[in-house]
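Enquirer: Fold the following, please.
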Amino acid sequence: MITRRQVMKTLVLGSTVLVPDFMKGLDLAQAASQSSETHPASSTAKKKKLKATFVKVCTIFNANQDKTIGGYLDQNVQVFSVRHHVLYDGVEQVEGYFDNEFKTHPQFTPATNYKVTVSGLSGWIKGHAGWKDDHGGPENLNFTFKFVYTGAKWLILSLYAADASG
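Expert: Have a look, this model is predicted:
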């Protein structure tokens with residue numbers, strides 16, 4: 001049986017597709033559907049893992065100590081600051097932003113009814129959250145976290161939050 005990982009490794013190589021011997025003569029769509037049948041819970045498992053990762057990320061952030069957010073930042077992460085909506089692009093800028101932001105003791109408290117969506121190797125968590133820090137500012141936020149599944153781990157690819165009142 002052909003696995004989804006084998007199909008994805010073939011497709012990810014870019015414009016030049018190298019087809020391993022075990023796939024020669026097979027329709028890739030057929031191979032992918034066979035893969036879905038082989039691992040019916042993989043999407044559900046990824047969704048559960050994404051939700052668990054989000055909870056960990058929030059806990060780490062609220063501890064105000066680890067600018068790497070427990071190693072859950074993708075190298076290409078982008079974060080838009082809550083108050084001024086400044087873009088921090090790349091892991092070094094984002095870590096610098098978090099390191100400075102932690103001095104204001106931010107607390108991000110998502111409502112429990114956030115939406116978790118997974119599509120392939122991408123995942124999104126959208127919802128509402130409470131926000132509090134030493135600067136004041138918005139107390140209720142709308143947020144979107146985008147994650148990418150790399151290896152066996154979800155990493156934050158982008159984070160956006162805005163005042164929910166306007």
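Enquirer: what's near enough to touch the residue nearest the centre of the chain?
Expert: What sits nearest the mean C-alpha location of the chain, by C-alpha atoms, centre = their mean, is residue 147, with 1.4 Å. Residues near residue 147 by C-beta atoms under 8 Å, 6 or more residues apart in numbering: 50, 53-54, 122-125, 154-157. For the C-beta atoms, the positions are set from N, CA and C on the backbone; glycine is no exception.
Enquirer: ok, now residue 65?
Expert: residue 102.
Enquirer: how much space between the closest residue to residue 85 other than its chain neighbours and residue 80?
Expert: The shortest distance from residue 85 to any non-neighbouring residue, by C-beta to C-beta, 6 or more residues apart in numbering, is to residue 162 (7.3 Å). Going from residue 162 to residue 80 by C-beta to C-beta, to the nearest Å gives 8 Å.
Enquirer: Enumerate the positions of the longest helix along the chain that are buried.
Expert: Using DSSP state H, we find that the single longest helix of the chain is helix 42-63. Of the residues in helix 42-63, 46, 49-51, 53-54, 57-58, 60-61 count as buried by neighbour count, 16 or more other C-beta atoms under 10 Å.
Enquirer: mind giving me the domain ranges of this protein?
Expert: As given by automatic domain parsing, the domain ranges for the chain are 4-38, 42-163.
Enquirer: looking at those domains, which is buried most?
Expert: Mean neighbour count (mean count of other C-beta atoms under 10 Å) peaks for domain 42-163 among the domains of the chain, with a mean of 16.
Enquirer: can you give me the offset of the helix or strand harbouring the residue nearest to residue 85 from its chain's centre?
Expert: Residue 162 is part of strand 153-163, with elements assigned from DSSP states H and E. In terms of C-alpha atoms, centre = their mean, to the nearest Å, the centre of strand 153-163 is found 6 Å from the chain centre.
Enquirer: Residue 89 contacts residue 81, correct?
Expert: No - under the criterion of C-beta atoms under 8 Å, residue 89 is not in contact with residue 81, lying 11.9 Å apart.
Enquirer: which other residues reach stretch 71-91?
Expert: Against stretch 71-91 from outside (C-beta under 8 Å, 6+ apart): 53, 56-57, 60, 94-98, 101, 106, 131, 135, 137-138, 141, 148, 150, 153-162.
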